[in-house]
Structure formats: C-alpha cells, structure tokens
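> this one's structure only:
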C-alpha cells in the first residue's frame, strides 16, 4: 500500500510537468501616432456603415453578414475548430470499450483424440482423466463461449504532450474566431464599395442622359434656326456629332450598373437576377472624417493581427507537443470481463476474468526524427512570428494610405466642386452670348463639353471620397463586434 501511494505521488508530480516553451505575447513596438493629420481619439467603428445614413446600405450589409457564403464558411471553420479541441483533449481521459461476444466452437474430429494423446505422452493420461480433457474440449465436440466485459486504457500525460496539444487547439480556435471577424470586416467594406460604385454609375448615367437630352434639344433649335438661315449646315453637322457622342456614352454606364447590381446580389447571398434594388440610388451622405486613434489600437482592433497572434501562440504550443516525444509514454490497460461456456452461470463470481497491464514506450533511436520534428516546430513558430510582424506592418501601411488618400480626395472634391460651379456659369454665359450673336456656336460646344466633364468628374469624386472612408474603416479594423459575432454562430 505504501508503494502504491508513492507511485501515485510520483505520477501526480510528473503530471504537473509540461515540456516546451510557455507562450508570451510578442513585444511589438508601435509608432506614437499616425503621420497624417489625425486625432488620438478613437471612434466607435463596429458598425460604421450607419454613419452614411443610408437605410438600403444598412440592410445590404446586415443581409451579407447573415447570408454571405464566405461568412458562413468562416463560421463553420470556428465550429470545426471547437470540435477539434474535443479531439485534442480526449487522451487526457481513459478510453472505455465494450468487449461482448458469443462464440460457437466445433473441434475437428481429426484433431488430437484421447487415444493418440496417450501415445504422444508415452501412455500417461493427465490427472483427472477424461474429465480434465473434456474441459479442454475433445476432438469432434462442440461448445459455446459467452463473454461480457470492457477494455479500459489510459495514456498518462506525464510530460504534457496532450496538454500542449489542447493548448494549440484552443489557440487555433481563437485564430478561427478572428478570421471570421476579419471576413466580416472585408465583407462590409466590399458591400459598401460596390454600393458606392453603383451610386456613382447611376449618377454618371443621369449626367450622360441629361447631356444627351440637352444636345438633342439644342439640335432641334439649330435645325429650326437653319431653316430660317440663322445658322449654317456646318453648325448642324457639328451638333449632330455631339448628339451621337452623347448617345454612345449612355450604354456603358447601364452595363456597369447591371454589373454592380449582380455583384451586390452575390455578396448578400442571392442570385444575380433576384436582388431587388431601387432603379436609382438616393445617394449616401459623406460622413465627416473619423479619428483613427493611436497606432497601438490596431493590435486589439484589427482581426487579422489578432488571428496572426493566436496562430503564433498555437505554433509555440506545438513545440511542446514535439519535445514530449523525447520522453517515455506510459499506458495503463485493464480488461475485466465475465467468461463462461454457459449462459446460466455467466453472471456468477466464478466467471470473472481480469487482465491488467502497464506499458512503456520510449524511443531510444529513430535516426534523429524527434530532433527534426522539434526543429520543424521551432521553424513554424519563427514563421508565425514573422507573419505576425508583417501583418502589423501591413496594418500600419493600410491606415497611412487610407488617411493620405482620404485627404487627397477631399481636396480634389472641393476643387472639382469649384470647377463645376465655374463650368456652369461659363456655359450659361456662352449660351447668352451665342443667342446675342456675339460668339460662334463652337464656343458654346466647348463650354458644354467642359460642363459635362465637370459633372461626370464630380460624381466620381463623391463616390471616391465615400470609398476612401470605407478603406479607412477597414484599415482600422471596423466592421465587427462581439454581439454580431455571437449572433452569427
């Protein structure tokens, strides 16, 4: 009894031993602030799309978060990772297996018989005579055997191989959770970008149709004036060229609108032809610039950074899994059962059968395989660390690029608005001077072309500014929250 207690104490002591390095989050130096004109304040960007004040955009993103195949696939991977945790932790517990069987045996009549058994033994019959032999089974006889029992085995996790495997599985689950959130961030940005591109195409189509209508109206005026001799055939021919060019500009915009609608349908999980959207977008208000906060905020807010950090933790735990192969593996096995040749006494004490065993496996030589596996695990950890650092650097670049692009496009939008106002004034003056006979018609055409170009560029600039904000929201890691993540399970 004393020896058993000593053995159990030793097992308990060894069970607390977990080989391999413990994980510590990497030290990640971050700049004190972003280089662009930015505030250290942090905005709530979990559901940033609401800041555009567009109910249709809100509905599309919410539907995409629910029905998009990529999001559903990411959620499935999280569930798979959680099931893998169960598989990894199962060896910590004993395994039980029922071992029940019934067998009918018929001994060959040409096997060893009582007579030739005496010859083989020099005439000596075992004590007990035929009774003893019958218990063994004489040739030509039949008998049944019944067994009820189970097998139990337990591999002692003395050096923490299974515990490290569980740790790695949990870290991989964490990475899968953050990958799903990263999918949500990318999806929200893609839906919004496609939505704003659709708005831009609709606005440009309206400009093109308006330009065509103006050119056609002007053509009608010129034909009337030609009939009275006020304009020449050259003026009419020039205007006919303008009408044709304006008409040719309309179909490409309609094709782009259709393509954007189809893309939105796929993003929200619908067939391209089934998505119901208004024929013309009402437009989205451009929200004011957002404070990006501090660079260090990215370490907790960007899902791709958090995923890379969890992958690094899993790679660290896997080193311990590999190192544990240097040490012996001890397995305890028990096989209690009831065995009898008759069902009537199967459940009696005399039918008991018990087998106990302990096994030890210790690789003494495997041509450096264990050492190589440990080296591979260390390299995987190094690769995970480098991937983490690259993800952090990429995140910083994304924010800096988005801030710079937003500032540039905001200045460009303001300049284009001034240009649009000036082009409108110039076109109005040119029409008045032409009616007064002060300038040729070619000057009117030039000012009309400038006005059309200014309107088209202004529509593109408005969409680009919204898309710049979307890029900034995405770069900052906006588009996920604990509540939406839990609802997506």
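Okay, I see it. Since this is a predicted model, take the numbers as computed values, not measurements.
> make it CA atoms for all contacts and neighbour counts henceforth
OK.
> average model confidence for the helix or strand hosting residue 418?
Element membership of residue 418 [criterion: DSSP states H and E] is helix 369-435. Across helix 369-435, the average pLDDT comes to 93.
> Can you name every helix or strand that the helix or strand just after that helix contacts?
With elements assigned by DSSP H and E, the helix or strand that comes after helix 369-435 is helix 441-475. On a contact count with 3 or more CA pairs under 8 Å, 6 or more residues apart in numbering; DSSP states H and E, helix 441-475 meets helix 161-227, helix 369-435.
> hmm, 10 Å instead?
If you count contacts as 3 or more CA pairs under 10 Å, 6 or more residues apart in numbering; DSSP states H and E, helix 441-475 packs onto helix 161-227, helix 233-248, helix 369-435.
> deepest of those helices, which one?
Of these, the one with the most neighbours on average (mean count of other CA atoms under 10 Å) is helix 161-227, at a mean of 22.
> which is the next helix or strand following the helix or strand bottoming out on mean pLDDT in the chain?
Taking mean pLDDT, DSSP states H and E as the measure, the chain has helix 129-136 as its least confident helix or strand, at a mean of 45. Of the helices and strands lying after helix 129-136 in sequence (DSSP H and E), the nearest is strand 142-156.
> Just the buried residues of that next one, please?
In terms of neighbour count (16 or more other CA atoms under 10 Å), strand 142-156 has its buried residues at 146, 147, 148, 149, 151, 153, 154, 155, 156.
> Hey, what's the angle from that strand to helix 161-227? Just curious.
80 degrees (axes from the mean of the first three to the mean of the last three CA atoms, to 10 degrees).
> wait, isn't residue 147 in contact with residue 353?
Yes: counting by CA atoms under 10 Å, residue 147 touches residue 353, with 9.5 Å between them.
> between those two, what contacts are shared?
Common contact partners of residue 147 and residue 353 (CA atoms under 10 Å, 6 or more residues apart in numbering): 337, 338, 339, 340.
> Including distance to residue 328, neighbour count and secondary structure, could those go into JSON lines?
Output for the shared contacts of residue 147 and residue 353, formatted as JSON lines (distance: CA to CA, whole Å; neighbours: other CA atoms under 10 Å; DSSP: H, G, I helix; E, B strand; the rest coil):
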{"residue": "337", "distance to residue 328": "29", "neighbour count": "18", "secondary structure": "strand"}
{"residue": "338", "distance to residue 328": "33", "neighbour count": "20", "secondary structure": "strand"}
{"residue": "339", "distance to residue 328": "34", "neighbour count": "23", "secondary structure": "strand"}
{"residue": "340", "distance to residue 328": "38", "neighbour count": "20", "secondary structure": "strand"}
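> Now the two most distant members of these.
Greatest spatial distance among the shared contacts of residue 147 and residue 353 (CA to CA): 337 and 340, at 10.1 Å.
> Now for these two: what residues contact both?
Taking CA under 10 Å, 6+ apart as the contact rule, residue 337 and residue 340 both touch 147, 148, 351, 352, 353.
> Kindly indicate which of the residues you listed lies nearest residue 252.
Nearest to residue 252 among those is residue 148, at 79.1 Å by CA to CA.
> now the closest residue to that closest one other than its chain neighbours: how far from residue 153?
Excluding the flanking residues, the one nearest residue 148 by CA to CA, 6 or more residues apart in numbering is residue 100, at 4.6 Å. Using CA to CA, to the nearest Å, residue 100 is found at 17 Å from residue 153.
> and if you look at residue 229?
To residue 153, residue 229 is 109 Å away according to CA to CA.
> swap in residue 233?
102 Å.
> Same check on residue 369?
In this view, residue 369 and residue 153 are 27 Å apart by CA to CA.
> Over to residue 237?
Taking CA to CA as the criterion, residue 237 is separated from residue 153 by 96 Å.
> Same check on residue 321?
Going from residue 321 to residue 153 by CA to CA gives 21 Å.
> same question, residue 208
Counting by CA to CA, the gap from residue 208 to residue 153 is 78 Å.
> Next: residue 52.
Computed as CA to CA, the residue 52 to residue 153 distance reads 62 Å.
> what's the answer for residue 456, then?
Note on residue 456: its distance to residue 153, by CA to CA, is 76 Å.
> Also residue 418?
82 Å.
> re the thing from before, for my notes, please list the buried residues of strand 142-156 in TSV and give pLDDT and distance to residue 430 for each entry.
Below are those laid out as TSV (pLDDT from 0 to 100; distance: CA to CA, whole Å):
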residue	pLDDT	distance to residue 430
146	87	109
147	88	107
148	89	105
149	87	103
151	88	99
153	91	96
154	90	94
155	89	93
156	91	93
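> pLDDT value on the nearest residue to residue 423 once chain neighbours are set aside, please?
Nearest residue to residue 423 in three dimensions, chain neighbours excluded: residue 451, at 4.9 Å (CA to CA, 6+ apart). Note on residue 451: pLDDT of 88.
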